[in-house]
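>>> when you get a sec, could you give me coordinates for this:
(chains A and B)
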Amino acid sequence: MTPEYYLVLAAVLFTIGAVGVLIRRNAIVVFMCVELMLNAANLTLVTFARINGSLDGQIMAFFVMVVAAAEVVVGLAIIMSIFRSRRSASVDDANLLKY
Amino acid sequence: MTVTDVLVCALGAVSLGAAIRVVTTNQIVRAGLWLVVALGALAGVYLVLTAELLAWVQVLIYVGAVVVLMLFAVMLTRAPIGRSDDLDRPRLPAILVGGGAGLGLAAVLADAYRWSYIGLSGVEPGNAEALGREVFTGWALPFEVLSVLLLAALVGAIAISRPEVGERREES
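Predicted coordinates for the structure are as follows:
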């Protein structure tokens, strides 16, 4: 196998996710783009596991999925609670940390 | 090009197209459904890489749980669902920053392997038996820490999303 295909695919996928996080305004779509970036990182982990002939990278990708699930649960709860107080799910409206 | 290369190019094209639709479509529910396509194609790439268990876990967790959860969140926050034109910020700086990051990553990764060919004989497939043996021998402690993390996330989500103690529930 040629590892370049997998690695370049992962890099381009990460780029699309990063651009999405920067240009999207709805918090839920931002979450979807974060998932894309996490999946790109997973793909590199699995590819490196395949290159080295060990299973450690696959187990790390497995753990990344678990952390991503936890992140989605807590993140959506935060979005819900912001939505309840401000009636908006836009990340531009959640400017509580500004003075 | 071998069969695996052709397969991974096809699946990668599907995944990239769907990912671009996630970022550019202006209907949120369609973004979620395109995310299903992108992540499903990635599960196919995992299968090509002989990570069987990971591919099925990807389908179960991402396609089955995460996307459904996000669609529920969309329904709870934007009840009249349809085309919405207020989704994008100014695009140019984001595309510059993201494109720079992506080009840098691709250059580093391509420079590291220089289109070398790696033989696949003698590599153990990542099925449930092999991964289970690894997790419960070498990775037992991180596994336990992760289970505590999941429990903490569950409790935290409930604590964040319930009304304040003593606050009166508003009648609707």
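>>> check what pLDDT the residue in chain A that chain B sits nearest to gets.
At 2.7 Å from chain B, A:Thr15 is the closest residue in chain A, using C-beta to the nearest C-beta. The way it works is simple: take the backbone N, C-alpha and C, and place the C-beta from them, glycine included. pLDDT, A:Thr15: 91.
>>> swap in B:Val29?
pLDDT at B:Val29 comes out at 87.
>>> about what we covered before: wasn't the residue of chain A closest to chain B part of a helix?
Yes - with DSSP: H, G, I helix; E, B strand; the rest coil as the criterion, A:Thr15 is part of a helix.
>>> quick one: the residue nearest to it when sequence neighbours are not counted from B:Arg114, how far?
Excluding the flanking residues, the one nearest A:Thr15 by C-beta to C-beta, 6 or more residues apart in numbering or on different chains is B:Gly102, at 2.7 Å. Distance, B:Gly102 to B:Arg114, by C-beta to C-beta, to the nearest Å: 19 Å.
>>> same check, this time on B:Gly126
26 Å.
>>> B:Val14 touches B:Leu39, doesn't it?
No - with contact defined as C-beta atoms under 8 Å, B:Val14 does not reach B:Leu39; the gap is 11.0 Å.
>>> how about the helices in chain B?
If DSSP state H is used as the criterion, the helices of chain B fall at B:3-24, B:28-48, B:52-58, B:67-77, B:92-113, B:128-135, B:140-161.
>>> so which other helices or strands are in contact with the helix or strand A:Cys33 falls within?
Per DSSP states H and E, A:Cys33 falls inside helix A:27-52. Under the contact criterion of 3 or more C-beta pairs under 8 Å, 6 or more residues apart in numbering or on different chains; DSSP states H and E, helix A:27-52 touches helix A:3-23, helix A:56-86, helix B:3-24, helix B:28-48, helix B:67-77.
>>> residues contacting the one residue in chain B that gets nearest to chain A?
Distances between chain B and chain A by C-beta to the nearest C-beta are smallest at B:Gly102, namely 2.7 Å. The contact partners of B:Gly102, by C-beta atoms under 8 Å, 6 or more residues apart in numbering or on different chains, come to A:Ala11, A:Val12, A:Phe14, A:Thr15, A:Ile16, A:Ala18.
>>> count the neighbours of the residue lying closest to the third one once chain neighbours are set aside for me.
The one in question is A:Phe14. Excluding its sequence neighbours, the residue lying closest to A:Phe14 (C-beta to C-beta, 6+ apart) is A:Ala40, at 3.8 Å. Neighbourhood size, A:Ala40 [other C-beta atoms under 10 Å in any protein chain shown]: 26.
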